[in-house]
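# Curious how this folds, go ahead:
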Amino acid sequence: MIIPTEPIGSIPRPKSLIDAINACGNGTDAALDPLYDAAIRDTIQRFAATRSPVITDGEQRKYHNFWTYSVEGLANTTPDGFKMPFSGGHARRMPRLRSGPFRYAQYADRYLDQALGYARVPLKQTVISPSALSLMYPDEGIATYSREAFIEDLLQEHVKEVRRCLEKRAYKVQIDFTEGPLALQLDPSGTLLESFVDLNNLALSQFSDGERQHLGVHTCHGVNAKGADGEDLDCAALLPSVFQLNVVNFYVAVAGTRDPVRVLEVIGAHIKPHHRVFIGVVAPSDPRIETPELVRDRILEASRYIPIKQLGTTDDGGFAPFFDDASTTRDAAFAKIRARIVGTELASELLHGERK
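Residues are numbered from 1 along each chain as shown. Now for the predicted structure:
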């Protein structure tokens, strides 16, 4: 394919694993290890059956969600932190930090350890952004631990996590920037969003140009953010700031947005020569299974705005960002992924033929 294609991350867990987690009441119980292992092995096998050139482990072991996996269980936190609403009716609280120093409880490279034993194609690993975790620090401050000290520790932990993933041969490390739309809701002036971008860039500045070739940012959807008019915040409003992030790869929801053409127009206006933009061509939130032909047509439309050499395809988002989300079945997720891959092949053939 002349157009690369990658998944975002999560795949619905098998019902047997979800039921076992609920029965234990603790997703970290060692008794669950065989079930996690089976779920990871099956996920990778089913990814292989789709002929996906890049895969993930489906985030099968991220117990609660993609957002707080790195800080679950920290002794110096309380559970009553910042509350973030997500589309689909979910709401999740960030733990509140009550004392320093700030350290991750676990790093995402631990998920690669197991998946690499089964994968025969490149693996990508998702991580949460520093700007999302910055919401753990309380507005009133901590007398013995300044915000400046917290930010320094936060950046150090994020960089450490990304490097650990790269050292374990992650093909890509994808930074989830889910809080971007919320920043625009809380502060329509864009100042908060700019501060989030600046914070993430402080971390990204610590990587070499070569390392940044393997880094990307996923944005749009997820957070249930509303604008001043009560409408869902448009992905297009977020993108000019997102493209200021110092990475090479961008994963942008398009298929399920209110006005896909406008999103593509904004991408075309702000993409830089060294960027690769993976556009969402299937929508996990849509219960219908896209056909390869629909995916093909979405890519052909995108090629009017994004140079082919800078275009990639992806899913709008993960298919199960929370382990208890059963809105999409495991079979449906892989059917959508298969449609993305075949549709990308169809578009690649047509676009390659046009350029011969």
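# which stretches of the protein form strands?
With DSSP state E, the ranges of strands along the chain come out as 77-78, 83-85, 91-93, 96-97, 124-128, 172-176, 215-219, 249-252, 276-282, 311-315.
# Export these as JSON lines, with columns for distance to Leu135, mean neighbour count and mean pLDDT.
Heads up, the C-betas are built off the backbone N, CA and C, glycines and all. What follows is the strands of the chain, written out as JSON lines (distance: least, CB to CB, whole Å; neighbours: other CB atoms under 10 Å; pLDDT from 0 to 100):
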{"stretch": "strand 77-78", "distance to Leu135": "12", "mean neighbour count": "16", "mean pLDDT": "96"}
{"stretch": "strand 83-85", "distance to Leu135": "8", "mean neighbour count": "15", "mean pLDDT": "73"}
{"stretch": "strand 91-93", "distance to Leu135": "10", "mean neighbour count": "14", "mean pLDDT": "73"}
{"stretch": "strand 96-97", "distance to Leu135": "9", "mean neighbour count": "20", "mean pLDDT": "96"}
{"stretch": "strand 124-128", "distance to Leu135": "11", "mean neighbour count": "24", "mean pLDDT": "96"}
{"stretch": "strand 172-176", "distance to Leu135": "13", "mean neighbour count": "24", "mean pLDDT": "97"}
{"stretch": "strand 215-219", "distance to Leu135": "16", "mean neighbour count": "25", "mean pLDDT": "96"}
{"stretch": "strand 249-252", "distance to Leu135": "22", "mean neighbour count": "27", "mean pLDDT": "97"}
{"stretch": "strand 276-282", "distance to Leu135": "25", "mean neighbour count": "26", "mean pLDDT": "98"}
{"stretch": "strand 311-315", "distance to Leu135": "26", "mean neighbour count": "27", "mean pLDDT": "98"}
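# can I get these in CSV with distance to Phe334?
Supplementary listing: the strands of the chain in CSV, determined by distance: least, CB to CB, whole Å:
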stretch, distance to Phe334
strand 77-78, 36
strand 83-85, 28
strand 91-93, 26
strand 96-97, 38
strand 124-128, 17
strand 172-176, 19
strand 215-219, 20
strand 249-252, 19
strand 276-282, 11
strand 311-315, 11
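# Kindly state which of the ones you listed is positioned closest to Tyr107.
Relative to Tyr107, the nearest member of those by CB to CB is strand 124-128, separated by 8.5 Å.
# Return the distance of the closest one from the chain's centre.
Shown here is strand 124-128, whose average C-alpha point lies 7 Å from the average C-alpha point of the whole chain (CA atoms, centre = their mean, to the nearest Å).
# Tell me who's in contact with the closest residue to His352 other than its chain neighbours.
Counting by CB to CB, 6 or more residues apart in numbering, Ile2 is the residue found nearest to His352 once chain neighbours are left out, at 5.2 Å. Remark: with contacts taken as CB atoms under 8 Å, 6 or more residues apart in numbering, Ile2 is in contact with 308, 348, 351-352.
# Can you select the buried ones from those residues in ChimeraX?
Entered in ChimeraX, the line below selects the buried ones among those, by 16 or more other CB atoms under 10 Å:
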select :308,348,351
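# When you compare pLDDT across the contacts of Ile2, which one is lowest?
The lowest pLDDT within the contacts of Ile2 belongs to His352, which sits at 81.
# Distance check, that one against Ala143.
Spatial separation of His352 from Ala143 under the definition CB to CB, to the nearest Å is 62 Å.
# cool, and Tyr118?
Computed with CB to CB, the distance linking Tyr118 and Ala143 is 48 Å.
# The two - which one has more neighbours?
For Tyr118 against Ala143, the residue with the higher neighbour count under other CB atoms under 10 Å is Tyr118, and the figures read 18 against 7.
# Done for today, thanks.
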